[in-house]
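Asker: quick one: sequence and predicted model below, then my questions.
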Amino acid sequence: MSKRKISSIVIVTLLVLMTFNSYFVLDETQQAIVTQFGKPVGDPRTSPGINFKIPFLHKVQFFDKRYLEWDGDRNQVPTKDKKFIFIDTYARWEITNPLQFFIRLRDERSAQSRLDDILDGETRNAIASHDLLDIVRSSNREPEITEDFLEEIEVLQDISVGRDKIEEIVLKKANERTTDLGVRILDFRFKRMNYVDDVRDRVYDRMISERNRIADQFRSEGQGKARVIEGNKERDLAEIQSEAFRQAEEIKGKADAEATAIYAAAYNRSRTSVELYKFLRTMESFEKSMDEKTSIILSTDSEFFRYLRKLN
């Protein structure tokens, strides 16, 4: 191969390399900074499409244009009323000025580390400046009272700030510290908060004790109502039995009075009627007590003997 051909191949190769190295493509999720010897050159490239640069001399630093996630560490923080709690937070942020971002932070890893310092610090300050009630509640809601005796137990103290406003305070303070970093924090939230282990165990024990007390009060009221029902039952039963006994005695009295009247009427009739009545009763007694095989021994003063003697 001649030197001319070799030179032509080298020149073509260099032209191809220069051509491919003279542009770069940005998609909708990217933005970029062009640097020369480590220093930014020109304005940030934020529009999607083909962009040009000086081959082999310029380098491109790409950054994400989308919303990015920051997930804070779980930290133990004291509140204003001296209660230690674990706080777990998260936030969303974006790169608003790629050039400033590159100058101050260089890359997203450094940005995450810087946000750790800013957001964790502002979270600690906000938690230490407010009571626990303001951190866990957002409004002064009115609890629904279902039982009168629960009214004193379930009364909620009023809050002056609330969790939502504390999150807004952290967000505002953090953004004030990121204005020169080329980033903006879009949202900040408390993901989870809880007592430290020893305090949480004491809180759970107190809650269990309180609920047991409420359950005992329920049982006590139920037993009291049961005693009232049983007392009413015994009273009603005694009233029913007393009324039944009274009615029975009245019926017996009326029957005895009628029987007495019948006997009096019978004895008040003529002697013949009385003798006839006695005779008939005696004959009935004979018929019921004797037959043809019966033998009886009668004294001379017996009623049976008197009537038999008259028959003879």
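Answerer: Nice, I can see it. Residues are numbered from 1 along each chain as shown.
Asker: pLDDT below threshold where in the stretch 1-150 of the chain?
Answerer: Filtered on pLDDT under 70, the stretch 1-150 of the chain yields the residue ranges 1-21, 142-150.
Asker: any idea how far stretch 49-59 is from the middle of the chain?
Answerer: 61 Å (C-alpha atoms, centre = their mean, to the nearest Å).
Asker: actually stretch 123-130, not the one I typed
Answerer: Taking C-alpha atoms, centre = their mean, one finds stretch 123-130 lying 29 Å from the centre of the chain it belongs to.
Asker: in that stretch, what's buried?
Answerer: Buried residues in stretch 123-130, counting neighbours by 16 or more other C-beta atoms under 10 Å, are found at 123, 126-127, 130. Where C-beta positions appear, they are placed from N, C-alpha and C, glycine not excepted.
Asker: same check on stretch 72-90?
Answerer: 72, 77, 79, 83, 85, 87, 89.
Asker: let me know the closest of these to residue 211.
Answerer: Residue 211 lies nearest to residue 83 out of the buried residues of stretch 72-90, by C-beta to C-beta, at 21.5 Å.
Asker: my read is that the closest one contacts residue 194, right?
Answerer: No: assessed by C-beta atoms under 8 Å, residue 83 is found out of contact with residue 194, at 11.4 Å.
Asker: quick check, pLDDT for residue 151.
Answerer: Turning to residue 151, the model gives it a pLDDT of 47.
Asker: what does the one 5 residues further on give?
Answerer: With respect to pLDDT, residue 156 has a value of 66.
Asker: same thing with residue 292?
Answerer: In this model, residue 292 is scored at 72, pLDDT.
Asker: A strand includes it, no?
Answerer: No: Residue 292: not assigned to a strand; according to DSSP: H, G, I helix; E, B strand; the rest coil it is coil.
Asker: now it: phi and psi?
Answerer: Torsion angles at residue 292 (phi, psi; degrees, to the nearest 10) stand at phi -70, psi -10.
Asker: how near is it to residue 224?
Answerer: 78 Å (C-beta to C-beta, to the nearest Å).
Asker: for this protein, which segments are assigned as strands?
Answerer: Assigned by DSSP state E, the strands in the chain fall at 23-26, 30-36, 39-40, 49-52, 58-64, 68-71, 75-78, 84-95, 183-195.
Asker: okay if I get the ones you listed as TSV plus distance to residue 213?
Answerer: Putting the strands of the chain into TSV (distance: least, C-beta to C-beta, whole Å) gives the following:
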stretch	distance to residue 213
strand 23-26	67
strand 30-36	62
strand 39-40	69
strand 49-52	71
strand 58-64	56
strand 68-71	41
strand 75-78	30
strand 84-95	26
strand 183-195	21
